[in-house]
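*Asks:* have a look at this prediction, sequence included:
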Amino acid sequence: MTAVMMSDAPTNLINGEWLDPPRTRDVTNPATGQRVGRIGFGGAEQARAAADAAAAAFEGWAAAPARRRADILLRASDLIAERADRIGELLAAEAGKRRPEAVAEVTFAAEYFRWFAEQARRPNGTIVPHESPGRRHLTIRRPAGVVAGLTPWNFPCSIQARKLAPALAAGCTVVARVSEKAPLAATEMIRCLTEAGLPAGVVNLVHGPAAEITDAYLTHPAVRVVSFTGSTEVGRSIMAAAGARVVRPLLELGGAAPFIVFDDADLDAAVEGALIAKFRNTGQSCIAANRFFVHDAVFADFAARFAAAVDAMTVGAGLSAPVPDLTCCIDDDRVAAVDGMVAEAMDAGAKRITRGFDLPGPCFAAPTLLVDVPEHVALARREIFGPASGIFRFDDEDDVLARANDTEMGLAAYFYTRDSARTWRLAERLDVGILGVNNPLPGSVFVPMGGTKQSGLGREGAALGLEEFEETCSIAIGL
């Protein structure tokens, strides 16, 4: 494997200037332990300065013609796409991703800027039919203010783009933080924005301790929206802090996605979809398939095919050649959490149906499928966020719907069937915000993403994602 090293260029952006505080932190490849680069590690002082800069830049950016905002976002999209291989390789190194997945993520991030550049120029108001002869009514939408964009390590480029692109298209300015576990590729993506001509202060980026940076952002008087992607536990604390100042929370939180295979499903397609929905990004995705429910009539066949496909997987570092099917987790804590769930389930009577793997390092977890998993163990109840799952039997549609919905999470779900009537029934009854029907990749820039219940508030992506960063003003005109 060729070592990927980043230059020691400054990594914090405040008021158009790339700079770093004296304190730094190394970023290492979890698969190999090799140093990838480093970030300047700031704190509340830098975060407040960033919010001050965003506040000062807001009026000018909000007043800029939509065409100007769109042109800058289009140039940024082009730059990100042109550099997708290089930024993707950096992402693969710092997050341990498979290189093709990392490059695809960067390319996907570029599409967010392109789509919202086009959306920025769409009409954004309404003329309301009047009911009073001497009055006319209309609405306009305007940018909400300064946005705090807080993103995790699992998809650091695409998730940050999903916040930045609509916020900037709406005319908001942004203060951002990305996880220190995988900060470098997202930093390079934001560098593309500045090179595309984004005015000073419109986007600001500060690396540092999550709680300290978040508190500084949320207590700043100019911040009007906080957009956070991460765990439900942290999301609750951010929502509480946002409530203290009535800051609008936009939250995409944890998931426990059911994957349901009915007796009329195309099993080849279902197994292929299961591999993607479960093992993409080593299972470290909020919309990853968490629990597999398979009809009794096809249970043995599906489980055997799925286990054989998993057993055929190769495991290795994401930048290895040839590219492995599965790579590492983000750190050994994540491995310990996944292995702990598997061990608890097996101690309670579950059976492993996949082989053992010779793992290349401490940040790797074996891809694992279990059957006969008791319903009370963590593997059946909690978000796994790694390459392990249980496969559960069912024989009745109402029963599997009740079990699929029996969780506080409601982010995503998947099911495979050839029955069109069943498709409509399940779409209307599965309590989730994202649904893949015979499709393991339901996300796109032009459809909304978000969850129900404890999986979050609001929607990102699509026209709804733009509206999250706008305020609506109703106007009544006397004639």
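*Replies:* All right, it came through fine. Residues are numbered from 1 along each chain as shown.
*Asks:* what ranges does the stretch 251-400 of the chain have for its helices?
*Replies:* Counting by DSSP state H, counting those that start in this stretch, the stretch 251-400 of the chain has helices at residues 267-279, 296-311, 332-347, 378-381, 397-405.
*Asks:* I'd like the mean pLDDT over the first one, please.
*Replies:* So that's helix 267-279. For helix 267-279, mean pLDDT is 98.
*Asks:* next, the contact list for residue 183, please.
*Replies:* Residue 183 makes contacts with 11, 27, 39, 94, 156, 207, as judged by C-beta atoms under 8 Å, 6 or more residues apart in numbering. Yep, even glycine has a C-beta here, placed from its N, CA and C like the rest.
*Asks:* ok so, going back, tell me which of the helices of the stretch 251-400 of the chain sits nearest to residue 165.
*Replies:* Residue 165 sits nearest to helix 267-279 of all these, at 24.9 Å, using C-beta to C-beta.
*Asks:* right, and the helices of the stretch 251-400 of the chain - which one's nearest residue 353?
*Replies:* Using C-beta to C-beta as the measure, helix 296-311 is the one of those that comes nearest residue 353, at 4.5 Å.
*Asks:* just want the angle from the closest one to helix 267-279.
*Replies:* The directions of helix 296-311 and helix 267-279 differ by 60 degrees, with axes from the mean of the first three to the mean of the last three C-alpha atoms, to 10 degrees as the criterion.
*Asks:* check which residues of helix 296-311 are buried.
*Replies:* 298, 299, 302, 303, 305, 306, 307, 309, 310 (16 or more other C-beta atoms under 10 Å).
*Asks:* excluding sequence neighbours, find me the nearest residue to the fifth one.
*Replies:* Meaning residue 305. Sequence neighbours aside, residue 271 is the residue nearest to residue 305 in space, at 4.8 Å (criterion: C-beta to C-beta, 6 or more residues apart in numbering).
*Asks:* who are the contact partners of the one you found?
*Replies:* Counting by C-beta under 8 Å, 6+ apart, residue 271 has contacts 302, 305, 306, 309.
*Asks:* any idea how far it is from residue 438?
*Replies:* 12 Å (C-beta to C-beta, to the nearest Å).
*Asks:* rewinding a little: make TSV out of the helices of the stretch 251-400 of the chain and add distance to residue 88.
*Replies:* Conversion of the helices of the stretch 251-400 of the chain to TSV gives the following (distance: least, C-beta to C-beta, whole Å):
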stretch	distance to residue 88
helix 267-279	19
helix 296-311	26
helix 332-347	22
helix 378-381	32
helix 397-405	34
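*Asks:* for those, which one sits closest to residue 140?
*Replies:* It is, among these and with distance given as C-beta to C-beta, helix 397-405, at 39.5 Å.
*Asks:* quick revisit: closest to residue 100 among the buried residues of helix 296-311?
*Replies:* Residue 100 has its nearest neighbour among the buried residues of helix 296-311 in residue 309, at 18.2 Å by C-beta to C-beta.
*Asks:* quick one: the closest one and residue 273 touch, right?
*Replies:* No. The pair residue 309 / residue 273 is not scored as a contact, 11.1 Å apart, by C-beta atoms under 8 Å.
*Asks:* now for these two: what residues contact both?
*Replies:* With C-beta under 8 Å, 6+ apart, residue 309 and residue 273 have no common neighbours.
*Asks:* can you pull the phi/psi pair for residue 475?
*Replies:* phi -120, psi 130 (degrees, to the nearest 10).
*Asks:* all numbers from here: first residue = 50
*Replies:* Done: numbering now begins at 50, and the last item shifts to residue 524.
*Asks:* just the helices in the stretch 150-299 of the chain please.
*Replies:* 205-219, 233-244, 259-267, 281-294.
*Asks:* okay, the ones you listed, which one's buried deepest?
*Replies:* Mean neighbour counts were taken over those using mean count of other C-beta atoms under 10 Å, and the top value, a mean of 28, falls to helix 205-219.
*Asks:* excluding its backbone neighbours, what's nearest residue 514?
*Replies:* residue 215 is the one closest to residue 514 (C-beta to C-beta, 6+ apart), at 4.6 Å.
*Asks:* quick check: pLDDT value at the one you found.
*Replies:* The model's pLDDT for residue 215 equals 98.
*Asks:* got the helices of the stretch 150-299 of the chain as a markdown table, with distance to residue 72 columns?
*Replies:* Formatted as a markdown table, the helices of the stretch 150-299 of the chain follow (distance: least, C-beta to C-beta, whole Å):
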| stretch | distance to residue 72 |
| --- | --- |
| helix 205-219 | 21 |
| helix 233-244 | 16 |
| helix 259-267 | 12 |
| helix 281-294 | 23 |
